[in-house]
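Chemist: quick one, fold the following:
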Amino acid sequence: MNRTTALIITLAILLAHTLAIYKTSSGEIAPPFDMAHVAYRIARNFVHNGSFAWDASLGAADSYPSLLWIGIATIAERLYLPVGWFCQIVGLIAALACALVVARFSLDRLAGVIAPLLFVVSGGIASAALSGMETSTLALLLTFSFLAYERGWRTRLMLSLTLACATRPQSVVFTFTLLAFEVVRHVLASRKPAPASATAPPRPPMWFAFAVPIAVALGIGLLRQLWTGHFMSDWGSSLFSFRPRVTREGLRYLRDFLCASGGPALFVFPLWYLLRRSLTSLGIRACILTVVWCASVALSGGGSLPFFEALTPILAILFVAVQEAMQIALDSKRRGLPQVTWALFLAGLGSSTIVSKFPGDLGPFKVESLHRAWMTPHTLPRFGYLQPLGRAGLSEEILSTERLREIGIFLREHLDPSHTVLTPWPGAIGYLSRMRVIDALGRTAPSPGADRTKSWNGLPRADVVKTLAQRPDYIVPTIRFGEEAPTAQQLALEWSKSLDVHPEMLQRRLNIRSEFVAYELITVPVVGLHARLGILPRNRFYLMRRKELDLTPKLEVALDGRDFTIRVSHRSHEQLVDLRVQLVDREGTAWSLRPTGEFERRPDLLARSSILLHPTGERRITLVRGTLPQSVDASELHAVLRNPGAAGEALFSSASDEVLVKIP
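Modeler: Reported below is the predicted structural model:
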């Protein structure tokens, strides 16, 4: 097999790998990650409102880490193209191009396909290609910059580094690392006189290639200073504010990356040869770039997106370092070392393939429990996520994004556009709802009491009490759903532990619970033309609605002798409720109405379950007609609408005020 054929096969593998793992449960290509929708919303605001911000009513903010990607989304929005699809196509093309760039590092031997093959079987690359984010584009720009530096292509180095610095602030660290290489090269060249017999001209200095991207980075910093009052990005600031909790999470993130991502574990190869001082100069520089990038990720708290997205941009350069070390091993005269090297290379390919499959057995080998243990992270998960590693984590991200998109569409179609929504997951909800969406963690706009936005890296926290004190009209409290509706105490505990700046303080939890008193939990069905059934459990989700909006369904109980009628009026959007009707006898015993119309001496029965309430206007809809039993000496008749699956008697679990009628 010649080299060209091998490269064509690697591109086909990457395309097949991407299409195989980045899909929904129904087999379709999945939508972009939730975070990507933040860039899409800013681009739409810029095109249609001229506001370069998350919310047109607010000033410009550092809401998304990539100016370049907002620009890509702006092009699609301006041309009236589907923004998500457009960005996914750009990302896929960038991933394929990056594979070709990796192959350019070694052109004279077949072993030069080691890095491209490791690259295309990596789950991180396949996931990033269609994530709708800038990750694969950044990987292309960084890899091409490194290649341009090695080849001495000044103009191409300048252009690629400039675009990289506009893509993410992490690229500034990469740029200065390359600049340090150039300084060292220039110093060594000045101390070592050129031989008289040299025929090749000396490599000219490349200072100008670094001047332009650094100037662009400074210009972005000045714009940020003008918009937010801060010169450095929130990510850059985190590098200079050492926080043990954040760094600890970052180191755990690196450990999971090296131990549970397959091919990157082969990085021990170049590190070993580096310690032995036998690694090539190209391999040494690739090692240093990889270590610097990993260190910056650790200091900033790691990442939270699937397949180690924060480290994906450096994967290609990491595999170049692995390739350089493996070529040394393959050329070794030591007996058995070339064979062992090829075996380890195949093991790296195989382990990457296993990471990209769902946890399970391998044919006759019962290894599912080991596979699941291998894919168990050591880092803390994001709020609302279990966040397993590998393919399971990607599927969770895709499913969660689908749920958030359904919620965003529902809010757009059924809520007053002037209402505000608070959520810890602002991306898809904010983009699709077109409402004013407040990020509970302050990443899209500064939280109350904060002077700047939080970073998307790691696990940021915010003052949840002050955020709730803004009294948004609606809150999206959870994206994980069980059989029972959550209570206010449960949600307050979860928000305090995962989102608040002081999770250890009991008083903070009590303050969050007291803020929830102003809200009622409602159950909303997934219905409508654009709804996709099966995305949300039982095709429903929960919202918290501010009581002052006075949108609670109104019950009315009419008693005519021994006959009773229960009616409801509802002037809000569709809502699911259970109806509980109870008699209380003279001894205080509760009798519940069954769906069949009889009363039974039990307090936990429902008269109607999962009633779909539609807006009734000025009318009242009859829910139940019945007759009081002669055998029960009843003194009171109670009726209340409750959330399906609600437990307890708290008002938070009720979908209406309880109506009580005295029986003469």
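
Chemist: and stretch 497-512, how far out from the chain's middle?
Modeler: 23 Å (Cα atoms, centre = their mean, to the nearest Å).

Chemist: okay, the strand ranked longest in the chain in CSV with CA atoms only?
Modeler: What stands out as the longest strand in the chain, according to DSSP state E, is strand 575-585. What follows is strand 575-585, C-alpha atoms only, in CSV (Å, rounded to 0.1, in the frame of the first residue of the first chain):
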residue,chain,number,x,y,z
GLN,A,575,-49.9,22.1,31.4
LEU,A,576,-50.2,18.6,32.8
VAL,A,577,-52.0,18.1,36.1
ASP,A,578,-53.4,15.4,38.4
LEU,A,579,-56.7,16.0,40.1
ARG,A,580,-57.2,14.9,43.7
VAL,A,581,-60.6,15.0,45.3
GLN,A,582,-61.0,14.1,49.0
LEU,A,583,-63.8,13.9,51.5
VAL,A,584,-63.0,14.5,55.2
ASP,A,585,-65.5,12.9,57.6
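
Chemist: tell me the helix or strand right after it.
Modeler: Downstream of strand 575-585, the first helix or strand assigned by DSSP states H and E is strand 590-593.

Chemist: counting contacts, what elements does the following helix or strand past that next one pack onto?
Modeler: Note on strand 590-593: by DSSP H and E, the next helix or strand toward the C-terminus is strand 599-600. Packing contacts for strand 599-600, counted by 3 or more Cβ pairs under 8 Å, 6 or more residues apart in numbering; DSSP states H and E, involve strand 590-593. (Glycine included, C-beta is placed from N, CA and C.)

Chemist: what's the helix or strand for the residue lying closest to residue 425 once chain neighbours are set aside?
Modeler: Nearest residue to residue 425, sequence neighbours excluded (Cβ to Cβ, 6 or more residues apart in numbering): residue 404, at 5.3 Å. Assessed by DSSP H and E, residue 404 sits inside helix 390-414.

Chemist: the residue nearest to residue 425 and residue 430 touch, don't they?
Modeler: No. Residue 404 lies out of contact with residue 430 (Cβ atoms under 8 Å); the separation is 9.6 Å.

Chemist: returning to that earlier point: what's the mean pLDDT across the longest strand of the chain?
Modeler: Average pLDDT, strand 575-585: 91.

Chemist: what's the first helix or strand after the helix holding residue 404?
Modeler: Past helix 390-414, the next helix or strand by DSSP H and E is strand 420-423.

Chemist: tell me how far that following strand lies from the chain's centre.
Modeler: Relative to the chain's own centre, strand 420-423 is displaced by 18 Å; criterion: Cα atoms, centre = their mean.

Chemist: show me which residues of that strand are buried.
Modeler: For strand 420-423, the neighbour count (16 or more other Cβ atoms under 10 Å) marks 420-423 as buried.

Chemist: ok, stretch 514-533 next?
Modeler: 515-516, 519-527, 531-532.

Chemist: stretch 148-164 now?
Modeler: Buried residues in stretch 148-164, counted by 16+ other Cβ under 10 Å: 148-150, 153-154, 156-164.

Chemist: before we move on, the earlier item: from the contact counts, what lies against the helix holding residue 404?
Modeler: Using 3+ Cβ pairs under 8 Å, 6+ apart as the test, helix 390-414 ends up in contact with helix 123-129, helix 426-433, strand 540-546.

Chemist: which SSE is residue 10 in?
Modeler: Short version: residue 10 belongs to helix 3-21, going by DSSP H and E.

Chemist: in that helix, what counts as buried?
Modeler: Under 16+ other Cβ under 10 Å, the buried positions of helix 3-21 are 7, 10-11, 13-15, 17-18, 21.

Chemist: by contact count, what packs against the helix or strand following it?
Modeler: Using DSSP H and E, the next helix or strand after helix 3-21 towards the C-terminus is helix 36-49. When contacts are defined as 3+ Cβ pairs under 8 Å, 6+ apart, helix 36-49 packs onto helix 67-78, helix 83-103, helix 426-433.

Chemist: now do the nearest residue to residue 90 once chain neighbours are set aside against residue 134, distance only.
Modeler: Leaving aside its chain neighbours, residue 90 sits nearest to residue 72 (5.9 Å; criterion: Cβ to Cβ, 6+ apart). Residue 72 sits 8 Å away from residue 134 when distances are taken as Cβ to Cβ, to the nearest Å.

Chemist: these two: which is more packed in?
Modeler: Using other Cβ atoms under 10 Å as the criterion, residue 72 and residue 134 rank with residue 134 on top: 29 against 21.

Chemist: my guess is that one meets residue 70, correct?
Modeler: No. When contacts are counted by Cβ under 8 Å, residue 134 is not listed as touching residue 70 (9.3 Å).

Chemist: okay, and the common contacts of these two?
Modeler: Counting by Cβ atoms under 8 Å, 6 or more residues apart in numbering, the common neighbours of residue 134 and residue 70 are residue 39.

Chemist: so for stretch 290-310, mean pLDDT?
Modeler: Here the average pLDDT along stretch 290-310 is 93.

Chemist: go on, stretch 640-652?
Modeler: Rounded mean pLDDT across stretch 640-652 is 79.

Chemist: same question for stretch 84-93.
Modeler: Mean predicted confidence for stretch 84-93 is 97.

Chemist: buried ones in it, by neighbour count?
Modeler: Applying 16+ other Cβ under 10 Å to stretch 84-93 flags 84, 86-92 as buried.

Chemist: and the contacts of it?
Modeler: 15, 18, 29, 31-32, 36-37, 39-40, 69, 72-73, 75-76, 128-137.

Chemist: now stretch 41-57
Modeler: 38, 59-61, 63-64, 70-71, 73-74, 76-78, 83, 426-427, 430-431, 436-437, 439, 444-445.

Chemist: and with 6 Å instead?
Modeler: Residues from elsewhere that reach stretch 41-57 (Cβ atoms under 6 Å, 6 or more residues apart in numbering): 60-61, 63-64, 70, 73-74, 77-78, 430-431, 436, 444-445.

Chemist: pretty sure residue 555 is in a strand, no?
Modeler: Yes. Residue 555 forms part of a strand when assessed by DSSP: H, G, I helix; E, B strand; the rest coil.

Chemist: for it, give me its contacts.
Modeler: 568, 639, 656, 659.

Chemist: now do the contacts for the second one.
Modeler: In this case it means residue 639. Residues in contact with residue 639 (Cβ under 6 Å, 6+ apart) are 555, 557, 566, 581, 659.

Chemist: now the residues you listed as a markdown table including distance to residue 397?
Modeler: Formatted as a markdown table, those follow (distance: Cβ to Cβ, whole Å):
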| residue | distance to residue 397 |
| --- | --- |
| 555 | 41 |
| 557 | 47 |
| 566 | 44 |
| 581 | 43 |
| 659 | 44 |
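
Chemist: are any of those buried, and which?
Modeler: Among the contacts of residue 639, the ones that count as buried by 16+ other Cβ under 10 Å are 555, 557, 566, 581, 659.

Chemist: isn't the fourth one right up against residue 606?
Modeler: It refers to residue 581. No. Contact criterion Cβ atoms under 6 Å: residue 581 and residue 606 do not qualify, at 8.5 Å.

Chemist: what does stretch 489-504 rub up against?
Modeler: Applying Cβ under 6 Å, 6+ apart, the external contacts of stretch 489-504 come out as 383, 440, 461, 463-464, 477, 508-509, 512-513.

Chemist: CSV for those, including secondary structure, pLDDT and distance to residue 115?
Modeler: Shown next, in CSV, are the contacts of stretch 489-504 (DSSP: H, G, I helix; E, B strand; the rest coil; pLDDT from 0 to 100; distance: Cβ to Cβ, whole Å):
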residue, secondary structure, pLDDT, distance to residue 115
383, coil, 92, 37
440, coil, 94, 42
461, coil, 90, 39
463, coil, 93, 46
464, helix, 94, 45
477, coil, 94, 46
508, helix, 91, 49
509, helix, 91, 50
512, helix, 94, 50
513, helix, 92, 54
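
Chemist: which of those tops the neighbour count?
Modeler: Most surrounded of those: other Cβ under 10 Å gives residue 464, at 27 neighbours.
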